[in-house]
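> Let me see the structure of the following:
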Amino acid sequence: MCCSTNFEDKTMADEGNARGAMKQFWDEHSKDASHEEMMLDSKAAIIGKQEIPEVLSLLPNIKEKDVLELGAGIGRFTGKIAEDAKSVIAIDFIEKFIRKNEEDNGHFKNASFKQADVTELELPESSVDIIFSNWLLMYLTEDEVQNLFTRMLTWLRPGGYLFFRESCFHQSGDKKRSGNNPTMYRSPTMYNAMLSCAVRPLPDGEEVEGYDLLFVKSVETYIQLKNNRNQLCWLLQKQKMSGDSYHGFKTFQEFLDNKQYSRNGILRYEKIFGKDFVSTGGKDTTVEFVNMLDLQSGQRVLDVGCGIGGSAFYMAETHNVSVLGFDLSANMVEIAMERLNERGDSRVQFEVADATKREFEENSYDVVYSRDTILHIEDKLSLFKNFKKYLKAGGKVLISDYCCTGEKWSDNYAEYVKGRGYHLLTVPNYGKVLEDAGFVNVKAIDRTDLFVQSLKKEIAYATSIKEEFIKEFSEKDYTDIITGWEDKVVRCGQGDQKWGLFYAEVPKNVTNGTS
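As a prediction, this is how the structure comes out:
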C-alpha cells in the first residue's frame, strides 16, 4: 500500500509559524500554570479526579518500564507514572510548564525533565518501552505529526507501546480561546491515516516496522460529565510487518478499511440492509436473534464487530441496556460515532479495537453479541475463552457467522474465502469450540435457509431501487452488490457456504476466569 504524507494544513502556513503560534497561545492562556489553565476548563479539578486514573488505566503495564512523556505540561500525569515506572522522561515545549512539573515531581529520583521541541527531539534508538502523549499532537502540523510518528518507531524498543490522547473535531474545555488559537481538532480518521503511513524500513529490506492498533476509544469521563465522545485515546504496539502480509496491506485493519470495508463500500451495504445495519437481514434478523437473549433493563452488552451500530442502537433503545460496540474497521466505527452523535444515547459507546488483543474487565458483561465477524479470526478457541472471562456467571453469547461444509469446497468458494481472509468452520465444529471454551447449553444451528431467504429479499429490494442506488453510488456498485448476493445464493445452493447461529451460556455456579 502506498501512503501519501503530503497532508495539507488549513490553519497554519508553515511549521515555524506553528511553533511560534503555540508559544503565543500558551503565553496568553496560562499565567499561573494551573490545572484549570492546562485543561482550559473551569471544572478541571472535578474532571481530573476521574479522568487521570481512567487514562492511566488504559496504559499497558508500566512497572519497571522506561517511559517517555511528550507534552508533559505541569505534570498532571508525570508523578503518577513515576510511582510505578523504572524511569520517566518528561518533555514539554513551554519552559514554565516543565519547570512547574520539575518543582512538583522532582522528588522522584527516576524522573527527568527537559524543555524541548518534540519535532527536534533526539533520543537513542530503542531507548524507551512506552511513549505517552496527552494533548500534544493537536498543536503540531500534519507533517510534524507524521514525522513524529515515524521517529517514535526509532525510539521504541521492539514490542514497545505508543499511547496518545487528543481532542477531536472540536474543543472540549469551556475556557474561551483567543482569535489565534493554533489547535487543530482533527478527525480520528486523519490520525489513523498518518499512523498507517508511519513505517521504518528494516535492514533486510523485506520487512518494515510499523504500528499495530490495539484500540481507539473515547474517554468515558468526558462522556459522563460533558456528554462529549470526542476525547479519544489510541494504544498501538510497535511490530515487524511485511508489505504484503494482508493481500498487499501491512495490517489486517488496513486491509479491511481499504478493501473490504471502505466508506463507500459500507454505505452501499447499508443502502441494502437498512439504516445503521451492515449484516445479513438488517433489523429483521437482529430482532429475531436479540429476542433469544431475553435482555433485561440495565444489563451490559459487548457487541463484537459492531459495524455501524445498528444492533447496538436497537438493543439500547428497545431493551434499555448499555452497549459497548467495537470493530477493527476504523471506517465502520467512524460512521457509528457519527450516528451516535446524532442520537446522543449515553447507553451506547463505540471504539476501534482488535478482538484478539483488546482486554476487558472480568465478570463485567451480561452478554457478548457478534454478527458475521469472527469469520476473520483463526484462533476462535482463545477468543471464546476471553468471552467467557468477560461474562458474569450465567452470561450469554449470541453469534451469527459464515460457516462451511464439511465436504471438499468448490474451487470458486475456496478462492472467495482466501480473497476475504476468512477462517471458517462447519456449524457443528463451531459449536464444539464454544463447548471447549467452557460454555454450556450450546446451540449450534444451521440457519443457511434464513441467510438465503434474506439474500433473495435484499436482491429484490436492490432491484426495485436500482435507479436510486446508481444515482447515489454507481452502476458498478450496483452490479457488485447484485453479483455478490447472487453468488452467495449459488454457493449456499451448492452446499459450500453455510450460515450458523450460535447460542451459549456461562455456567451459573462457576466464577469466570478460574474454572
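
> In the protein, which strand is the longest?
The strand that spans the most residues within the chain, counting by DSSP state E, is strand 391-404.

> Check which residues of stretch 126-143 are buried.
Neighbour counts over stretch 126-143 (16 or more other CB atoms under 10 Å) mark 128-143 as buried. C-betas here are computed from N, CA, C, even on glycine.

> where in the stretch 151-300 of the chain is pLDDT low?
173-175, 177-179, 205-206, 242-261 (pLDDT under 70).

> Do a quick rundown of the helices in it.
Listed in chain order, the helices of the stretch 151-300 of the chain (DSSP state H, counting those that start in this stretch) span 188-197, 220-226, 252-255, 263-273, 282-291.

> circling back: strands - which of the buried residues of stretch 126-143 land there?
With strands taken from DSSP E, the overlap with the buried residues of stretch 126-143 comprises 128, 129, 130, 131, 132, 133, 134.

> As TSV, the residues you listed with distance to residue 353 and pLDDT would be great.
As requested, these are exported to TSV (distance: CB to CB, whole Å; pLDDT from 0 to 100):
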residue	distance to residue 353	pLDDT
128	24	98
129	22	98
130	19	98
131	20	98
132	19	97
133	19	96
134	20	93
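
> from those residues, which two are the most distant?
Across those, no pair lies farther apart than 129 and 134, at 17.5 Å, counting by CB to CB.

> And the helices in the stretch 401-515 of the chain?
For the stretch 401-515 of the chain, the helices defined by DSSP H, counting those that start in this stretch occupy 411-420, 427-436, 448-464, 466-472, 475-494.

> ok, residues contacting the second one?
With CB atoms under 8 Å, 6 or more residues apart in numbering as the test, helix 427-436 has contacts from 380-381, 384, 397, 401, 403, 406, 425, 442-446, 498, 500, 502, 504.

> let's see 7 Å
380-381, 384, 401, 403, 425, 442, 444, 446, 498, 500, 502, 504 (CB atoms under 7 Å, 6 or more residues apart in numbering).

> Render the CA-only coordinates of it in PDB, please.
C-alpha atoms of helix 427-436 as PDB (Å, rounded to 0.1, in the frame of the first residue of the first chain):
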ATOM      1  CA  VAL A 427     -21.600 -25.400  12.100                       C
ATOM      2  CA  PRO A 428     -21.100 -28.400  14.500                       C
ATOM      3  CA  ASN A 429     -17.300 -27.700  14.800                       C
ATOM      4  CA  TYR A 430     -18.100 -24.100  15.700                       C
ATOM      5  CA  GLY A 431     -20.400 -25.200  18.500                       C
ATOM      6  CA  LYS A 432     -17.700 -27.700  19.700                       C
ATOM      7  CA  VAL A 433     -15.200 -24.800  20.000                       C
ATOM      8  CA  LEU A 434     -17.700 -22.900  22.300                       C
ATOM      9  CA  GLU A 435     -18.000 -26.100  24.400                       C
ATOM     10  CA  ASP A 436     -14.200 -26.500  24.600                       C
END
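
> The nearest residue to residue 98 once chain neighbours are set aside - how many residues pack around it?
Of all residues not flanking residue 98 in the chain, residue 92 sits nearest, at 4.3 Å (CB to CB, 6 or more residues apart in numbering). Using other CB atoms under 10 Å, residue 92 has 27 other residues around it.

> Repeat that for the one 4 residues further on.
Residue 96 sits with 16 neighbouring residues when counted by other CB under 10 Å.

> Just the buried positions in stretch 397-406, please.
Buried residues in stretch 397-406, defined by neighbour count with 16+ other CB under 10 Å: 397, 398, 399, 400, 401, 402, 403, 404, 405.

> Could you provide those residues in JSON lines, with additional columns for distance to residue 330?
Compiled in JSON lines, the buried residues of stretch 397-406 are given as follows (distance: CB to CB, whole Å):
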{"residue": "397", "distance to residue 330": "26"}
{"residue": "398", "distance to residue 330": "25"}
{"residue": "399", "distance to residue 330": "23"}
{"residue": "400", "distance to residue 330": "23"}
{"residue": "401", "distance to residue 330": "22"}
{"residue": "402", "distance to residue 330": "22"}
{"residue": "403", "distance to residue 330": "27"}
{"residue": "404", "distance to residue 330": "29"}
{"residue": "405", "distance to residue 330": "34"}
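
> Nearest to residue 320 among those residues?
Using CB to CB, residue 398 comes nearest to residue 320 of those, at 17.9 Å.

> Let me see the contact set for the closest one.
Applying CB under 7 Å, 6+ apart, we find residue 398 in contact with 289, 292, 293, 367, 369, 503.

> wouldn't residue 315 be in contact with residue 325 here?
No. Taking contacts as CB atoms under 7 Å, residue 315 lies outside contact range of residue 325: 9.5 Å.

> neighbour count winner among the two?
Taking neighbours as other CB under 10 Å, residue 315 and residue 325 compare with residue 325 leading, 29 against 25.

> helix/strand/coil for the more buried one?
strand (DSSP: H, G, I helix; E, B strand; the rest coil).

> Could you number the chain from 837 rather than 1 from now on?
With the count now opening at 837, the last piece we talked about shows up as residue 1161.

> gap between it and residue 1150?
11 Å (CB to CB, to the nearest Å).

> next one: residue 1253
30 Å.

> what do you get for residue 955?
Using CB to CB, residue 955 is found at 46 Å from residue 1150.

> again with residue 1339
Residue 1339 sits 18 Å away from residue 1150, going by CB to CB.

> repeat for residue 1116
The value you get for residue 1116 to residue 1150, if CB to CB is used, is 15 Å.

> neighbour-wise, which of those two wins?
Per other CB under 10 Å, whichever of residue 1116 and residue 1150 has more neighbours is residue 1116, with 24 against 17.
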